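Q: Fold the stuff below for me.
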Amino acid sequence: MPITIKDVEYVAGLAKLELSEAEKRKFAKELDKIIKYIDQLKEVDTENIPPTSHIIPMENVLRENKVEISLSQDEALTNAPDKKDEYFKVPKVI
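A: Reported below is the predicted structural model:
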């Protein structure tokens with residue numbers, strides 16, 4: 001189904017674009033070419049192709065998620081420029 005000027009006007013309206021008549025004709029032709037190309041891709045047999053997120057095998061490069069000893073609250077607050085009780089004190093941001 002070819003893209004019509006009415007289709008272009010509808011999409012332009014959604015995007016709040018004002019297009020000239022020449023631009024509408026141009027975009028109708030360009031969008032029609034894009035849709036025809038996508039239709040070609042629909043014809044490719046992908047029945048026995050497993051879904052993939054990458055074209056090459058990927059490994060998780062992040063470290064293992066394990067609990068480790070961290071700073072105590074006193075150690076974390078040692079170099080704080082400003083603190084109140086056991087918390088960092090920061091300027092109010094509005």
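Q: residue at max distance from the center of the chain?
A: When distances are taken from the C-alpha mean of the chain, Asp85 lies farthest, 41.6 Å away, according to Cα atoms, centre = their mean.
Q: Quick check: next helix or strand after the top helix by length along the chain?
A: Under DSSP state H, the helix in the chain containing the largest number of residues is helix 21-42. Following helix 21-42 in sequence order, the next helix or strand is helix 73-77 (DSSP states H and E).
Q: And the residue nearest the centre of this protein?
A: So for the chain, Cα atoms, centre = their mean, it's Ser53, sitting 14.4 Å from the centre.
Q: pLDDT score for that one?
A: The confidence metric pLDDT takes the value 79 at Ser53.
Q: Could you do Val11 as well?
A: pLDDT at Val11 comes out at 95.
Q: Name the residues of the helix or strand where it lies that come out as buried.
A: Using DSSP H and E, Val11 falls within helix 5-14. For helix 5-14, a neighbour-count test (16 or more other Cβ atoms under 10 Å) marks Asp7, Val8 as buried. The way it works is simple: take the backbone N, C-alpha and C, and place the C-beta from them, glycine included.
Q: what's in contact with that helix?
A: Glu18, Leu19, Lys24, Arg25, Phe27, Ala28, Leu31 (Cβ atoms under 8 Å, 6 or more residues apart in numbering).
Q: Buried among the residues you listed? Make that a ChimeraX selection.
A: Typed into ChimeraX, the line below selects the buried ones among the contacts of helix 5-14, using 16+ other Cβ under 10 Å:
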select :19,24,27,28,31
